[in-house]
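In: here is my input, please return the structure:
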Amino acid sequence: MTSAAAHSATHASISPATRRSILLLSFGTFSSMCAQRICDAMLPELSRVFAVSLSQAAQVVSVFAITYGISQLFYGPLGDRLGKFRIVTFATLGCSVGSLFALFATSLDSLLVARVLMAVGAAALIPLAMAWVGDSVPANQVQEMLTRTGLGSTLGIAGGQLVGGLLTDALGWRWAFGFMVVLFGVVGSLLYQDHRRQQAEPVVVPDTPVVRPHFVKQALLIVAAPWPRTVLLMAVVEGAAGFGVLAMWASHLHQSLGLSLSVSGAIVALFGLGGMGYMAVGRHLIRRLGQQGLVLFGGALVGVSALVLAYTPHWAPAIPASLLAGFGFFAFHNTMQANATQMTPEARGTAVSLFSSFLFLGQSLGVVLAAGLIARIGSHAVVALGGAVIAVEGVYFAWVLKRRGTA
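Out: Purely as a prediction, here's the structure:
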């Protein structure tokens, strides 16, 4: 069989129904990340409306991230036992209810409660979507299909920051949560229809039932292994220095350059657009650079871009800096995801959920540290420091991959 024929046969092994399910899961990952970033650009407005400091207002980000990370510890084993797609479907519908509570919040405390409810649902979407793809797609196509669900997540970063800034500026912060009510409701309904289609299909029952250990034992087995433990610890650092500090970018541009919230949010949304650019060419870069080269290149690009964004005296350089930072960050992050999905294939749902949990617990730590450091050393230094940490982590990850013999 020629290489072209083999390529065609391999792709034919994924049915149109499975591809449709992956597309719907990418809508879910978009919604989850959109909920994650919807508050970034509105932090100064929330600080003003509720008469609290920026650090206090940033709790709508950090509390979400903490809840998001902890919840994923439970969704992994639930997905392994009850069905990953089923959990994603009902969690998405639950997010619509949480968004409704946020829409009618009358104080910062009530908004924090609503954000907790949103996070409990949103936590299921990305890790279980990744795990479902790992279970449903041939191994040699997992990376490509993960790129598609990753595209949804990346668009969610851009969409959340952009919509959050635009609606807050034009109509008020409540309209941003109204948007989330509709988004989660529509996506949840589409997932529910697809879930019913899957239930109608014949189910192949294995001759020997799979016996899984309890979650705590399973999690301990994963964490005890050297390679999964390394990936998980690196996820904490990535979440803190990458996603955590990113939450402060729009506020930094708003305060240091005097830009409106909508313009600041739009510039930071280019981070997600840069991630989309990576997703478009990722397959070619992986073949050319390999995983080691990819994390080195991605980390360095984030470091340089963050330095420009931190100290530019004019808004214009912030545009390419945000775009390139997103490209570099997702080159790094997609490599991390690929390693996370393969670190424990026999308990993929739990393993990927642990990875996401560590990632977003790191984000919550990063938001708290960044908000506190801004008061002491300023937002310029904090933004630059976040980029520097990602650059150093890229060098370390490349070294670890080389030692492990990963090309």
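
In: contacts and neighbour counts: CA atoms only from here.
Out: Will do.

In: list the helices and strands the lengthiest helix in the chain packs on?
Out: Criterion DSSP state H: the longest helix present in the chain is helix 261-311. The contact analysis (3 or more C-alpha pairs under 8 Å, 6 or more residues apart in numbering; DSSP states H and E) places helix 261-311 against helix 142-170, helix 249-257, helix 318-342, helix 379-404.

In: which residues of the stretch 1-150 of the chain fall in helices?
Out: Counting by DSSP state H, counting those that start in this stretch, the stretch 1-150 of the chain has helices at residues 3-12, 16-37, 43-49, 54-57, 59-82, 84-103, 108-122, 125-136, 142-170.

In: which regions of the stretch 301-407 of the chain sit below the pLDDT cut-off?
Out: Residues of the stretch 301-407 of the chain that meet the criterion pLDDT under 70 lie in 345-347, 405-407.

In: so what's Val181 scoring on pLDDT?
Out: We have a pLDDT of 93 for Val181.

In: same deal with Ser107?
Out: pLDDT at Ser107 comes out at 86.

In: any idea how far Val49 is from it?
Out: Distance, Ser107 to Val49, by C-alpha to C-alpha, to the nearest Å: 9 Å.

In: how about Ser262?
Out: 17 Å.

In: which one of those two has more residues nearby?
Out: Ser262 (23 against 13; other C-alpha atoms under 10 Å).

In: show the pLDDT at the more buried one.
Out: Reported pLDDT for Ser262: 76.

In: dump the residue contacts of it.
Out: Contacts for Ser262 (C-alpha atoms under 8 Å, 6 or more residues apart in numbering) come out as 41, 162, 164-169.

In: does Leu108 touch Phe50 like I think?
Out: Yes. Counting by C-alpha atoms under 8 Å, Phe50 is a contact partner of Leu108 at 6.4 Å.

In: more neighbours: those two, which one.
Out: Leu108 (20 against 14).

In: check contacts around that one.
Out: 50, 57.

In: cool, and Leu296?
Out: 332, 391, 394-395, 398.

In: closest one of those residues to His252?
Out: Closest approach to His252 among the contacts of Leu296 (C-alpha to C-alpha): Ala391, at 20.6 Å.

In: quick check: the spatially closest residue to that closest one that is not a sequence neighbour vs Gly159, distance?
Out: Leaving aside its chain neighbours, Ala391 sits nearest to Gly299 (4.0 Å; criterion: C-alpha to C-alpha, 6 or more residues apart in numbering). According to C-alpha to C-alpha, Gly299 stands 24 Å off from Gly159.

In: neighbour-wise, which of these two wins?
Out: Shown here are Gly299 and Gly159; by other C-alpha under 10 Å, Gly299 has more neighbours (29 against 25).

In: quick check, pLDDT for the more buried one.
Out: 91.

In: how much space separates it from Glu201?
Out: 44 Å.

In: returning to that earlier point: quick one: contacts for the residue nearest to Ala391?
Out: Contacts of Gly299 (C-alpha under 8 Å, 6+ apart): 328-329, 332, 387, 390-395.

In: out of the helices of the stretch 1-150 of the chain, flag the one nearest Arg196.
Out: Across those, closest to Arg196 is helix 84-103 (C-alpha to C-alpha), at 9.3 Å.

In: mind checking the pLDDT average for that closest one?
Out: pLDDT averaged over helix 84-103 gives 91.

In: give me the helices and strands touching it, please.
Out: Against helix 84-103 (3+ C-alpha pairs under 8 Å, 6+ apart) you get helix 59-82, helix 108-122, helix 125-136, helix 173-200.

In: for the longest one, packing partners?
Out: What that stands for is helix 173-200. Helix 173-200 packs on helix 16-37, helix 84-103, helix 142-170, going by 3+ C-alpha pairs under 8 Å, 6+ apart.

In: swap in the shortest one?
Out: Secondary structure elements in contact with helix 125-136, counted by 3+ C-alpha pairs under 8 Å, 6+ apart, are helix 16-37, helix 59-82, helix 84-103, helix 142-170, helix 318-342, helix 348-377.

In: next, format the ones you listed as a markdown table and append distance to Gly277.
Out: Listed next are these as a markdown table, based on distance: least, C-alpha to C-alpha, whole Å:
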| stretch | distance to Gly277 |
| --- | --- |
| helix 16-37 | 16 |
| helix 59-82 | 26 |
| helix 84-103 | 27 |
| helix 142-170 | 9 |
| helix 318-342 | 6 |
| helix 348-377 | 22 |
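
In: and of those helices, who's closest to Leu285?
Out: Here helix 318-342 is closest among the helices and strands packed on helix 125-136 (C-alpha to C-alpha), at 8.8 Å.

In: so where's the stretch 101-250 of the chain shaky on pLDDT?
Out: 139-144, 202-219, 221.

In: mind doing that once more with 50?
Out: Low-confidence segments of the stretch 101-250 of the chain, defined by pLDDT under 50: 204-211.

In: could you pull up phi and psi at Phe104?
Out: phi -110, psi 20 (degrees, to the nearest 10).

In: no no, Pro317
Out: The phi/psi pair for Pro317 (degrees, to the nearest 10) is phi -60, psi -20.

In: my read: it touches Leu307, true?
Out: No. When contacts are counted by C-alpha under 8 Å, Pro317 is not listed as touching Leu307 (10.9 Å).

In: out of the two, which sits in the busier spot?
Out: Neighbour count, other C-alpha under 10 Å: between Pro317 and Leu307, Leu307 has more, with 20 against 14.

In: do I have it right that the more buried one meets Val383?
Out: Yes. With contact defined as C-alpha under 8 Å, Leu307 and Val383 form a contacting pair (7.3 Å).

In: and Leu273, what does it touch?
Out: 154-155, 158, 323, 326-327.

In: how about a cut-off of 7 Å?
Out: 158, 323, 326 (C-alpha atoms under 7 Å, 6 or more residues apart in numbering).

In: out of those residues, who has the most neighbours?
Out: Neighbour-wise, the contacts of Leu273 (other C-alpha under 10 Å) top out at Gly326, 31 neighbours.

In: tell me the contacts of that residue?
Out: Gly326 sits in contact with 271-275, where contact means C-alpha under 7 Å, 6+ apart.
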